[in-house]
Structure formats: C-alpha cells, structure tokens
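Visitor: When you get a sec, could you give me coordinates for this:
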Amino acid sequence: MAGVVLVFDFDKTIIECDSDDWVVEGFGVSELFTQLRPTFPLNTLMDRMIMEVQSRGNSIEDIADCLRRVPLHPKIVSAIKSAHASGCDLRIISDANVFFIETILKNHGLLDCFSEINTNPSYVDGEGRLRISPYHDFESSSHGCNICPPNMCKGLIMERVQAPVSATGKKRFIYLGDGTADFCPGLKLGEDDFLMPRKNFPVWELICSNPKLITANIHEWNDGEELGDVLSHLVNQIFIEENYAVGVDQMVPVHCKFQTSSVPAHAAFRTQPLPH
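Guide: Below is the predicted model of the structure:
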C-alpha cells in the first residue's frame, strides 16, 4: 500500500471534539474565551487562553493530563493502525497545534503511525510557559487564500505534501476532514483520489454548493464509527485494485463526483521540544 497517502484533519475528524474547546472548557476559561473571540484570530486567541490557564497555576503537565482524557472512537484507532500496518503513508494537516495533537495521539498509541504532522507550532518560552504560534505568519504577509483562516492554508500544505510524494511515483490520496478549510485541500485532489468529508459539516456543505469544483471521488461519513468503516473499505479496495487490477469504481459506489488549482506551499516548524 506504499502508493496510498492518507491525509487527516484532526479536530472533529480523528477526535470527535475540538481540542481547543476541550482545553478551554476543561480549565474553566470558556467565559473569557467567548468574550475575547470577536477580538482575535482563533490561533492568537488560543495562545492567550493557554497563557491564562497557566497564569491560574496550571502546569504544562496539567494541560497534558487534560488532553489525555480526550476519547477516540475504537473504529478510528483500528482504521489508523491497520492503514499504517498495511504500508499507507499517514499525514495530518490541522489548525490545532503540535502539543495538543502529539499528546492525544501518543496517549492512544497512534503518534508513530503518522509520518508528518502539519499544524501550528508549540513551544516553551523563556519563562517556561507553553505557547502557540501561527503556522503562517499572517502579520508579515498573507497566504492569499480566501477559504482558509489567516494563519494556515491547508491547500498550500496539501500541495507541499503532494509534490515530493508524487515525484517518487503515482500516489493516490485520501483526504478526511470536517471544516471549511478542509475544502481547500480537496480542490487539490485528482480523479483517482478520494475526499472523505464529514456529512452535514461545513466542508460537506461547501462541496454540495460547489459540486463541479471537486474532481475526487466523494465518500462521506457521519461519525467515528462510520469514518473507520468507510476508510477501511476504501483502503481495502485500493489494495484489491493494486494487486488484482480490479477497478475501484466497480467495487465502491461513488456517491458523487464533483479542478484543481495550484499554489506553492511551506513547511511547519516547532521551536522547542515539549514535555508530554
């Protein structure tokens, strides 16, 4: 399955909840978050919230303990482990942050399944506080995408993922996501790829409103159980096609087929190793 690359969103995709909301609610700063939400971009606001949590006497390890309580659906855990074991290349593109994602994945034994995590950097500052930075420094320049938030264009990252991978031979991509920004990488997929949007979430609504913009095969899902089932089914069918030359379209009903554009991209970074 070396020819298959799975690219996941994280919040409300791999995990059912939003990791930012989980921490904000877990430390009782929801009221302040709501008050400041109209004032800051979300990424900047989460850095402010993490500083607030720590100013109330909570340590980085306390934040990690909160994140370790985030549940994952068993079907998603199984599907990720099976895809990794079969030789698929698994990546993440998420507007969460390194510390949140790595802490949660490590707790569920999934961190080593992913070859790359593209997200907002986390670091420990000179005063020993956990901080969150934007993936793209939007104060110095714009990434030019009007679909994605100012700190991250997932489509640009998707193109960066695709370029070296595709240069080594033909690859088939499966992208999974739920939010508005997940529509952007979906625009980069070709007719042999698969887009797995969460049904009745913003990405699904954008697809249904712009059906001719997507050339990939669409396979929707509703919850963690269905995500695991649909993903496992697609991976199995690609395996059958690779080994027995059986067309995927003969085996998997395509619910809908909805041009891809291209823009250069950049890579994520992490300023300093973090404790878990």
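
Visitor: quick one: contacts of the helix ranked longest in the chain?
Guide: Using DSSP state H to assign secondary structure, the helix with the most residues in the chain is helix 224-244. Contacts with helix 224-244, where a contact means C-beta atoms under 8 Å, 6 or more residues apart in numbering, come from 1, 3-4, 6, 13, 16, 72-76, 78-79, 82-83, 86, 88, 172, 174, 176, 194, 196, 198, 219-221, 246-248, 251-252. Bear in mind the C-beta positions are built from the backbone N, C-alpha and C, glycine included.

Visitor: Setting the sequence-adjacent residues aside, check what's closest to Asn43.
Guide: Closest residue to Asn43 in three dimensions, ignoring its sequence neighbours and counting by C-beta to C-beta, 6 or more residues apart in numbering: Asn151, at 4.3 Å.

Visitor: What of Ser78?
Guide: With C-beta to C-beta, 6+ apart as the measure, Gly228 is the residue that lies nearest to Ser78, at 6.1 Å, once sequence neighbours are left out.

Visitor: Just the pLDDT at that neighbour, thanks.
Guide: Reading off the per-residue confidence, Gly228 sits at a pLDDT of 96.

Visitor: count of neighbours near it?
Guide: By the criterion of other C-beta atoms under 10 Å, Gly228 has 20 neighbours.

Visitor: And Pro211, by the same measure?
Guide: Residue crowding around Pro211 was assessed by other C-beta under 10 Å; the count is 12.

Visitor: Provide the secondary structure category for Ala96.
Guide: Here Ala96 is recorded as strand under DSSP: H, G, I helix; E, B strand; the rest coil.

Visitor: Ignore what I typed, I meant Ile157.
Guide: Per three-state DSSP, the local secondary structure of Ile157 is helix.
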